Structure formats: structure tokens, C-alpha cells
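Student: model the following, please.
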Amino acid sequence: MGMRPVSSVTEKIKKATRRTGVARVVLVGAIVVPAVLVAAQAAAAESWMMSDTPAPSGASAWQFNGVSCSSATSCEAVGSSSNSTGNHVLAEMHTSSGWEIWSTPEPAGATSDEFNGISCQSNLQCIGVGDYYNGTDTVTLTEVLNDGWTLRSSPNPAGATTAQLEAVSCSSMHACTAVGTSSDGTSTSMLAERWNGSHWAIQAIPSPAGAVDTQLDGISCTSGTSCIAVGDYYNGTDTVTLAEAWNGSTWTIQTTPNPAGSVSAGLDGISCSSATACVAVGSGFAEGWDGSTWSLQTIAKPQGGTRPGLSRVSCSSSTACTAVGISYHEGVGNAAAEAWNGTSWKVQAINITTSYDSSYLSDVSCVSATACTAVGSYHDPVDGYRALAEVFSLKWQLQDPPNPAGSLSDDFGSVSCTSATACTAVGNFEASGSVFEPVVEGWNGTSWTIESTPNPTVSYLSGVSCTAAKACTAVGDYSKNGKLVTLAERWNGTTWTVQSTPNVQHATKSYLISVSCTSGTACMAVGFYAKPDGTQLTFSETWNGTSWKLQTTPDPAGTTSSALESVSCTSASQCIAVGNYLTPSYTLLTESWNGTSWTIQPVTNVSGTTDGVLSGVSCSSATACMAVGGYDQGSRAVALSEIWNGTTWTPHATPPLAKAKQTALASVSCESSGQCTAVGFIYKHHHAKMLAEAWNGSSWGVLTTVIPAGSIATDLVSLSCPSTIYCTAVGYYEDSTGDTFLLAEQYS
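Tutor: Down below sits the predicted model:
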């Protein structure tokens, strides 16, 4: 029986049409060209970017002390402003349209007041705390935001002449705890108050034995019965760290360490992602809570500056925290931010786009590892103190990989990164007379450099996988005696070496398309080969540290054309490969490796759809994989993702894009089951453009990419994300003359 013509829509997804002459016409591959047309300019290198905020009317100085975000675009910042009549509370809300000042009432008789902290449950439900001076004493201040700010009465300790609330944390609008200090003029005592939705009440809280003065500066509640507050106390000799835990009925002192040799140590901020995962920060150090003990953490030191005094921290998970504060360079204070990945702290650059001579950040709120807002103040040498707001969000930024000398056209086909400063990309270029040769480049965190490779004549590199900066394997094919055979090369940090690879007996052509290495002695490469009768079937090879060995891969019954296009391994005995086969239309194909053999896995397409292909896969664990590709929906091609939970595949259509006739995803990289990034293409208005999307564990969202100046077409075909806040994608772009150039972009 003859094979019916395949869908023209799927054919657009299937064929590697990056440009005539360079691409292999095989079952695998995809065109990938830009998502949303934006200004042709590179984004700034910093991921923290200053966000403009309005000035309070008539104010001579103003600052932010606290911030709380309920989403990536909805935050409320609080602080104070100064004018000729004194200090006044300040509140500003940030939405997708920018920052806006909100009217805030002031207590009757107050001559000076300020907000110190805030906790929000939604964009219009927040609790703000602080203090005000009534002409005699400094007393606590609380306000509730519920469509508008309203004053709420809060108690003060008996005999106190000064009482201040420094921070607040709410698990709901009916369960909040605020902490601070009070003083009777002789000694200072910590203060804790509880809000039940209608009124505040002072809580009894124990003091450490021998404490002379105590204070609480930060608090984090994960539920109505689980809070931890931090601060410090003076024991008559030294100032040491303090932590107290609330279980729903009583406060209990926790044992906390102090930096070696310190005579003054305090904890200023805390954030808990769960009852058993907290991070607290102070001046020059941090501490972590695992549910039973606190342990010291070493924070990073900015180049040329002091270790930051960290004022606040926000954790979206146990492995994703951001802390802010101030670091001093030659006596000048500068806003500082650091990120915790579960193992170590790393300095993040703060970008301030106005004139200033000093700055600091007082608070930060993160709704995810890649969406944070920080607030504080900067000092303008002419205008004085101004509120500072900084937004952290990942963005695509152009890199500038060099093109091989004498190249007529070139492209990258695959990239692998082990860190933000160590990536290897492989591709190919046209030298002359339609002769194509591989190009390999390395990224060191600053620039791309062409690496010398001992490639056989007329060879092609399609995939690369690195387990370390100095340990990479690349695969492809080359022409030997007029026949295309498999190719593998190994990088040791200094040189590339060609490895001997087997080929399927009697194959007329053999292609290795993708490779995944879990160590220097464990790699899996997949692809397809052609038989003398024209049939194309899947195959794979394994590397054991010494040699490559052929592995049999099953093909669906009755097919005459199948291919494995991408593979991802979490161990030497756990791999997932994806591709497609003809039945006679293009059909999704997935296979699993258990260390001994390959098995076809059942995979279903989106209900009611026809032809489909899978072109990329990434596994963060043996039970969490994401595969991407595309499927036919009538006359349109639509991007597709499939999720593997260790037992079954579940299809997910990606967001419909207005006026897009064709969309597909070519490559994906996942840090966890709840965080993946993918690249592909969108075709509308007769133009193909790059498409980049992010997965948050439940849905896909489109990301804006950056188009090289002068390009008329662009294509990203591969990406690698070694961390939650860094990805590199590679491909090519074409200018108006038809010439093509290497393209690389980083997402950070």
C-alpha cells in the first residue's frame, strides 16, 4: 500500500530548513525563528533593573523600608517621606502599568510616622506596620489595606516610652504576627503582637537567660501555627543572635550560632519556604534552619567591597532565596543583593540608572526564583534621599559569537552549559563550493571563542553534552568513502579528539543527532540510519569511558521511517529519547532506556489532533521529563509539550498566539518539574520569528526575545539551562543579503 502525502504543516515542523544546502533533510529538525518583535538592542547585563517610582507631593526626601509582592507584577512598598511638616507614612503599589502612590491615613496627633514592614495576601489585601510619635511617646502603628488603607489600633507594652513594629508576616488576613522592640527608657525588650482579623494583642515571649536587652527585627510565618522571629540580644558582654519559634500557642527560644570571633551579631531578616526550611540574614553572614537546627552560611563578598550587611531575605523555595542590604567600598555604601541556590550564596549586580553617591536596599519580596522586587533608598548628590525600587526578572540578552574566517554561511545546532560561565556550542559552516565543516565554540562567561577541532573532511556536528567545563562530547556524522557514518568527538578542556564509533551493519547512511552524558564514563547518543531499501530506522550508542557500543532501539510496527531526535539521561541506566515515525503520517515517538534495553513508551497527542513530532526532551529526574515539538490543528501547526511523570505521558498545548499560523518548540531545558524553558518558532504575517516560553509547573508563558540588528530571519534550535536563573540558546540569523551568521542569546 502506498504512503499518503504527509501534512504540509507537519512537514514545516519536520524539515531542517534552516537554509538550503546546510541542513540535513531528515525526519528530525525544526525551523526556529523569533517570538515577539522587539527593539534590536542588547539588554543590560544586570538582571536587577531600577524601576521608576513617583515622588510624593511636596516631599524633600523619601525612602522605602518594606515590600511585599503577591505576584510578579503586583507589589506594595511602604516607607516614609519628609516635608516641612515632618515625617509621613508612604505607600506605593506596583502593577503591570507601573508604580502609583496610595493615600495613607495618619494617626490623630501624630507629629511623625513611618511604615517599617508590610505583608500582602493579594494586591489589595495587606498589613503595614511601623511607629509614630504622638508628641510624648513613640508608639506602634498598624494599617490594613483592603481596597484602601485604614488605621488599626495596636497596643503598647505598659510603661513603654518607645514601641516600634519592625516587621510583619501574614499567613492569611486573619493571622498576622508583627515584631519589634519597646523601651521604658532603661532597657529594651522584644515585642510581638498577633492580629486575628479584627484586633491586635501583645504576646508573651521568653527572653534568653542573662539577656540585658532584646529585640526582634524579622519574622516569617508559614501558617497560623508556625512562625519564626529573629533578632539579637545583649548578654552583658556581647550582642548575639536570637531566634524564637511560635507553634500556635507559645513562643520558644531556638539555639542559634554566631560567627566565630564576633562580639556583635544579630539577625535582621528571615524567610521560611516551609516550617523546616528557613534562611535568616545579618551583617556579613546568614544562617539556615532545617527544622531542627540552625547552621551558619558564608555569604559572598562583592569584588572590592565588604561582605554585605543583609537586612532582609525572601525565599520562594528551599533552594531559591534572595537577600538584600548594603556593602561598603572605600567607605561608600552601595546597594547589595545575593542569591542562595541551596548550596552557596552568589553576588548579584544592582543597576541604578540615575545619579547617586550611595544606596542601600532594605527589603525584598520574591514570588519565584526569577521574579523579585527590592526596595530601599539612594542618595542623589544634588536632590538628596530618594526611594529606590529594583526589579529582578530574567531576560534574553544577545551574545556575539565569532563566525569562522572565510565562512559563507554558518549556524549553531546544539549547546550544553555546566554553569553560567561554561558553555560549549557546536554547529557547521559553509567553507566553499558547498563544502560544510563543523564549528565548535566555548563560552567563558564573557565571550565566545572558536575552538580547534580535528574534524574529518565533510563532517557535521549535531549534538553536544558537557558534564564539566572541561568534559564535553559532541556527535554528528561525516563522509567516509562517499558514505555518511557516525562521528563523536571528546573535549578534555584543551583539545578535541575524534573517537571511534560503530555503525549499523549494511547501513547506507548513519546520523547521530543528540547526545546526553551523565558523567565522563556514561553517554547516550541517538539518531537514525538508512537501509539499502531506503527505510530509515532508529539506533543508539553508549559510551562507557573507553569505547562506543551500538544499542538496539525498537521501531513501531509497520513504519518505514522513524528517528530519535533528542535524548536526556539522569543516570547511566535512565534515559528518555523522543522523535517521530511515519504511520503513514508523522506520529509522536518516545522510548526509555533502563541501562540494558530500550522500550517504546505509549504517548498520546492532544485530543482531536493529527500529525505530530517531538524534537526535544529534558529530564530533571527519572520521574520528571518534558518533551516538546508540535502537532497539526487543521491548517495550523501548534506547539506541543508532553510531561512524563515516571509512568505516563500527558500532552499540553502551549499558549495560542494571536495571528500565528504556525508554532512549534524545538528544544527544552528543565531545572525541575516546575521550571522549564523552551525555544521554537512562530510564523505570522509571512515572517518566522523566535519563540521562547517558560513553564512554571502548570502552564507555559511566552518570553520576549532579542533580535539582532539588521536581521530578517532568526532561528534558535537548542538551549541549555544550568541553573534556575541562567540559560543559553543558540542558532543563526539571516540579514537582508541572505548571508547567515551564528547566533547566541543568554537568558539571565
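Student: now do the helix or strand containing Glu287: everything it contacts.
Tutor: Using DSSP states H and E, Glu287 sits in strand 286-289. Contacts with strand 286-289, where a contact means Cβ atoms under 8 Å, 6 or more residues apart in numbering, come from 228, 241, 243, 254, 256-257, 267, 272, 276-281, 294-299, 310, 313, 323, 340, 345. (Each C-beta comes from the backbone N, C-alpha and C, glycine too.)
Student: filter those residues to the buried ones?
Tutor: 228, 241, 243, 254, 256, 267, 272, 277-281, 294, 297, 299, 310, 313, 323, 340, 345 (16 or more other Cβ atoms under 10 Å).
Student: among these, which ones are in strands?
Tutor: Judged by DSSP state E, the buried ones among the contacts of strand 286-289 include 228, 241, 243, 254, 267, 272, 277-281, 294, 297, 310, 313, 323, 340, 345 as members of strands.
Student: counting by contacts, list what the one helix or strand Met190 maps to packs against.
Tutor: Under the criterion of DSSP H and E, Met190 resides in strand 188-195. For strand 188-195, the elements it packs on are strand 138-146, strand 162-172, strand 175-183, strand 200-202, strand 213-223, strand 226-234, strand 239-246, judged by 3 or more Cβ pairs under 8 Å, 6 or more residues apart in numbering; DSSP states H and E.
Student: report the buried residues of that strand.
Tutor: Using 16+ other Cβ under 10 Å as the burial criterion, the residues of strand 188-195 that qualify are Thr188, Ser189, Met190, Leu191, Ala192, Glu193, Arg194, Trp195.
Student: and the residues you listed as a markdown table, adding pLDDT and distance to Ser568?
Tutor: Converted to a markdown table, the buried residues of strand 188-195 look like this (pLDDT from 0 to 100; distance: Cβ to Cβ, whole Å):
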| residue | pLDDT | distance to Ser568 |
| --- | --- | --- |
| Thr188 | 97 | 57 |
| Ser189 | 97 | 57 |
| Met190 | 98 | 51 |
| Leu191 | 98 | 53 |
| Ala192 | 98 | 49 |
| Glu193 | 98 | 51 |
| Arg194 | 98 | 49 |
| Trp195 | 98 | 48 |
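Student: residues contacting Ala337?
Tutor: Shown in contact with Ala337 (Cβ under 8 Å, 6+ apart): Trp48, Thr322, Ala323, Val324, Val347, Gln348, Ile350, Leu361, Val364, Ala374, Glu390, Phe392.
Student: flag every buried residue along the host helix or strand of it.
Tutor: Following DSSP H and E, one finds Ala337 within strand 332-340. Neighbour-count burial for strand 332-340 flags Gly333, Asn334, Ala335, Ala336, Ala337, Glu338, Ala339, Trp340 (criterion: 16+ other Cβ under 10 Å).
Student: out of the buried residues of strand 188-195, who's nearest Pro155?
Tutor: The nearest member of the buried residues of strand 188-195 to Pro155, counting by Cβ to Cβ, is Glu193 at 6.9 Å.
Student: where does pLDDT dip in this protein?
Tutor: 1-46, 433-434, 608, 610, 655-661, 684-687 (pLDDT under 70).
Student: just the helices from it, written as ranges.
Tutor: In the chain, the helices defined using DSSP state H lie at 8-14.
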